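J.: turn this into a model:
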Amino acid sequence: MATIHIGVIREGKVPPDRRVPLTPKQCVEVKKRFPNVEIIIEPSEIRAYSDDEYRNEGITVSSDISECSLLIGVKEVPVEQLIPGKTYMFFSHTFKKQPYNRNLLRTILDKKIRLIDYEVLKDKNNQRIIGFGRYAGIVGCYNAFRTYGLKTGAFDLKPAHACFDRAEMEKELEHVVLPANFKMVLTGFGRVGQGAREVLQLLPIQEVSPVEFLEKSFDEPVFAQLNVEDYYDREDGKTFTRQQFYDDPSGFISTFPRYMKTANVYASCHYWSEKAPFIATREDFKNPENRLSVVADISADIDGPVGCTLRPSTVADPIYGYNPVSESEDDYTKEGVIAVMAIDNLPCELPRDASEFFGEAMLDNVFPALLGESDPDRIIERATETTLDGKLMPAFAYLEDYVQGELSH
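T.: Below is the predicted model:
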């Protein structure tokens, strides 16, 4: 059986991303499961796992990755670093026709590169099999409480990225002190929402139903997690059905503002379609009955469904203030100004843990289809956007006009 050389490339995107697609021990496991595979690690000074950690596991570290037919990373590869005629796997952020990555896809085609996009790797039931959503929820929920502590002055948590790993971050949660009337609301039950729940389970806060959240008073901190039927309703007053909403959300209205009248903190963990109504508009935030003081916009849809999210924030500068009156940024510590946390690359704050989780999914869900003898569910084929002939795969032919459009600079 011919040897397959896989190169783990250094991340070149700015700001730098410290995550890796495979940890050192996972590289060893790949070679154990697939004896015909050799892995070469491109040297990097920014990875959460050092070059020496790979060397210590017997994995080759070399700047020469020319013999690797498959190159894997995490984020978009800078166009000048793309090597012609290779197969790449990374998050390209192109399948939704994102304007800022048009040049990237154009270059991939020009250099006759085969692109397998993590974001469209799906199982036979069309469910995504790999991603960092869970860790976005974990870190985002932690940051929600860190932001609340800074906004109120009640406690101070170490930034997640300053913690060595998730265990150290979770230890910080011991410093969280919540008032008896504290209420938190979350939207979304997907991977992000489930990750957020993992943090909430470590805190002295009880879950209540959406109805209880709205109608009852409590003498202990509580939270409610909402599904779409809890914060959207049909415009015509007819019975809400989830499938109808997913099929066409344009005939619906948001009922979320009623939660804003009683919640202190809102964490958005939902997936939002541009066809759907906004969840909380800028006018909603102007309502004098609004009680929200912290919004952790984990979904980070900029200038979208959550009106206070004006821009993404960064790991280095995670919080900004939104003044509902002026509809502009302000000092988040001021009375009446909402503290907004909208980091759009949250898993980067726990790169070792997030990488380990991602690599496990690669081992269990991706490599058997990619490196095994067969791929009966066409997992790899269906996630392949471009070919080594410099063409779009049939399933991605809809990107032709996007590729041919005026290139962004």
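J.: rest of the way, CA atoms for contacts and neighbours
T.: Fine.
J.: name the residues that touch stretch 272-282?
T.: For stretch 272-282, contacts defined as CA atoms under 8 Å, 6 or more residues apart in numbering pick out 231, 248-250, 252-257, 304-308, 324, 327.
J.: cool, and stretch 28-36?
T.: So stretch 28-36 is contacted by 1-4, 37-39, 57-59, 363, 371-372 (CA under 8 Å, 6+ apart).
J.: can you give me the neighbour number for residue 283?
T.: Counted with other CA atoms under 10 Å, the neighbours of residue 283 add up to 11.
J.: same check, this time on residue 361
T.: 17.
J.: would you say it is within a strand?
T.: No - using DSSP: H, G, I helix; E, B strand; the rest coil, the assignment for residue 361 is helix, not a strand.
J.: and it, what does it touch?
T.: Applying CA under 8 Å, 6+ apart, the residues contacting residue 361 are 129, 130.
J.: make it 6 Å
T.: By CA atoms under 6 Å, 6 or more residues apart in numbering, the contact set of residue 361 is residue 130.
J.: on that earlier part again, just the contacts of stretch 28-36: which are in helices?
T.: Among the contacts of stretch 28-36, DSSP state H puts residue 371 in helices.
J.: and the contacts of stretch 28-36 as a markdown table, adding pLDDT, distance to residue 282 and neighbour count?
T.: Below are the contacts of stretch 28-36 laid out as a markdown table (pLDDT from 0 to 100; distance: CA to CA, whole Å; neighbours: other CA atoms under 10 Å):
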| residue | pLDDT | distance to residue 282 | neighbour count |
| --- | --- | --- | --- |
| 1 | 69 | 61 | 6 |
| 2 | 87 | 60 | 6 |
| 3 | 93 | 58 | 10 |
| 4 | 96 | 54 | 17 |
| 37 | 97 | 54 | 17 |
| 38 | 97 | 54 | 18 |
| 39 | 98 | 51 | 21 |
| 57 | 98 | 53 | 13 |
| 58 | 98 | 55 | 13 |
| 59 | 98 | 53 | 20 |
| 363 | 97 | 44 | 17 |
| 371 | 94 | 50 | 15 |
| 372 | 89 | 52 | 11 |
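J.: take the contacts of stretch 28-36 and lay them out in TSV including distance to residue 337.
T.: Output for these, formatted as TSV (distance: CA to CA, whole Å):
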residue	distance to residue 337
1	64
2	62
3	59
4	56
37	55
38	55
39	51
57	51
58	54
59	51
363	46
371	53
372	55
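J.: of the contacts of stretch 28-36, closest to residue 211?
T.: residue 363 (41.9 Å; CA to CA).
J.: excluding its backbone neighbours, what's nearest the closest one?
T.: residue 30 (7.0 Å; CA to CA, 6 or more residues apart in numbering).
J.: count of residues packed around that neighbour?
T.: 20.
J.: use 629 as the first number from now on
T.: With the count now opening at 629, the last piece we talked about shows up as residue 658.
J.: what distance do you get for it to residue 815?
T.: Distance, residue 658 to residue 815, by CA to CA, to the nearest Å: 37 Å.
J.: low-confidence ranges in the stretch 629-778 of the chain?
T.: 629 (pLDDT under 70).
J.: all helices for it, in order.
T.: 652-661, 679-683, 730-738, 761-780 (DSSP state H, counting those that start in this stretch).
J.: possible to save those helices as JSON lines with distance to residue 1005?
T.: Shown next, in JSON lines, are those (distance: least, CA to CA, whole Å):
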{"stretch": "helix 652-661", "distance to residue 1005": "20"}
{"stretch": "helix 679-683", "distance to residue 1005": "33"}
{"stretch": "helix 730-738", "distance to residue 1005": "26"}
{"stretch": "helix 761-780", "distance to residue 1005": "23"}
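J.: mind listing which of the contacts of stretch 900-910 are in strands?
T.: 880, 881, 882 (DSSP state E).
J.: out of the residues you listed, flag the one nearest to residue 851.
T.: Closest to residue 851, out of all of those and judged by CA to CA, is residue 882, at 19.6 Å.
J.: could you dump stretch 700-707 to PDB, C-alpha only?
T.: Taking Å, rounded to 0.1, in the frame of the first residue of the first chain, the C-alpha atoms of stretch 700-707 are listed here in PDB:
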ATOM      1  CA  ILE A 700      -4.400  20.100   6.900                       C
ATOM      2  CA  GLY A 701      -4.800  23.300   9.000                       C
ATOM      3  CA  VAL A 702      -7.600  25.100  10.800                       C
ATOM      4  CA  LYS A 703      -8.200  28.600   9.500                       C
ATOM      5  CA  GLU A 704      -8.100  30.100   6.000                       C
ATOM      6  CA  VAL A 705      -4.600  29.700   4.400                       C
ATOM      7  CA  PRO A 706      -3.200  33.000   3.100                       C
ATOM      8  CA  VAL A 707      -3.300  32.900  -0.700                       C
END
